[in-house]
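# coords below, sequence missing:
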């Protein structure tokens, strides 16, 4: 999301942006920003600074031991510039698939509350056998039954494959932000942890079942937010999305 903010800041000012943890600090850098000449690289001078760190997020009002309190925010789609090598490697996999991601990144606050459940994803895949499903991940990832699994060593490799997808289905997180950057249509399962009014994109189909801006709880909730989002609801949402894609109505 910082890259989207930097993109907007550069557009407004014409200046090279340094992403920092605090004003006056040294600029940080992500490999996802390779090829973005408006974000200062390692050791490069910036003309203006953008503060972004775990303690300073525009979408977080505050954080404590219980979790996060959100503020309304709409992320700006970032850009991901893929290298020719990354595109060539991804091109070995024929396009036209739908990426499904049943996993959430463990160890992050609230991860347990972003997990829709392995069995529900499996039911969606089984209900739509006409779709060519593809799952990405490292060699330790558990693939869903009935999907094509492609190992990816880095997130950039996963993005190169994602760029060739017809659509994406998965939880709120890194890949749904990558979809926005790569212009990939998506059905995003939010549950009740955080609202699409905080981290969602208007051109995605966002499934939110919580209240307000989301509970933000770090530990497991005892609510029914995820079970409220049935696999039948997700199947219907995906069919709607793919119909838009087929009609070429999914542009930004």
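Yep, it's here. Quick caveat, the model's predicted, so the values are computed rather than measured. Numbers count the residues shown, from 1 in each chain.

# Could you pull up the residues touching the spatially closest residue to residue 135 that is not a sequence neighbour?
Distance criterion Cβ to Cβ, 6 or more residues apart in numbering; nearest residue to residue 135, sequence neighbours excluded, is residue 147 at 4.7 Å. C-beta here means a position set from N, CA and C on the backbone, and glycine is covered the same way. Contact analysis of residue 147 by Cβ atoms under 8 Å, 6 or more residues apart in numbering lists 100, 125, 133, 134, 135.

# In these, find the pair that's most separated.
The largest separation in the contacts of residue 147, counting by Cβ to Cβ, is between 125 and 134 at 10.7 Å.

# Show me whatever sits in contact with both of those two.
Taking Cβ under 8 Å, 6+ apart as the contact rule, the neighbours common to residue 125 and residue 134 are 100, 147.

# in this protein, what spans have low per-residue confidence?
Screening the chain residue by residue with the criterion pLDDT under 70, one finds the ranges 249-252.

# May I ask which helix or strand encompasses the residue positioned nearest the centre of it?
Most central in the chain under Cα atoms, centre = their mean is residue 176, positioned 2.3 Å from the mean C-alpha point. Under DSSP states H and E, the secondary-structure element containing residue 176 is helix 174-182.

# so how far does stretch 79-90 reach from one end to the other?
According to Cα to Cα, to the nearest Å, stretch 79-90 extends 18 Å from its N-terminal end residue to its C-terminal end residue.

# What of stretch 105-122?
End to end - Cα to Cα - stretch 105-122 spans 19 Å.

# mind listing the helices for the stretch 1-150 of the chain?
Secondary structure of the stretch 1-150 of the chain (DSSP state H, counting those that start in this stretch): helices at 2-13, 84-90, 118-127.

# What is the next helix or strand after the helix holding residue 176 packed up against?
Past helix 174-182, further along toward the C-terminus, the next helix or strand under DSSP H and E is strand 186-191. Packing partners of strand 186-191 (3 or more Cβ pairs under 8 Å, 6 or more residues apart in numbering; DSSP states H and E): strand 167-171, helix 174-182, strand 205-208, helix 225-228, helix 231-246.
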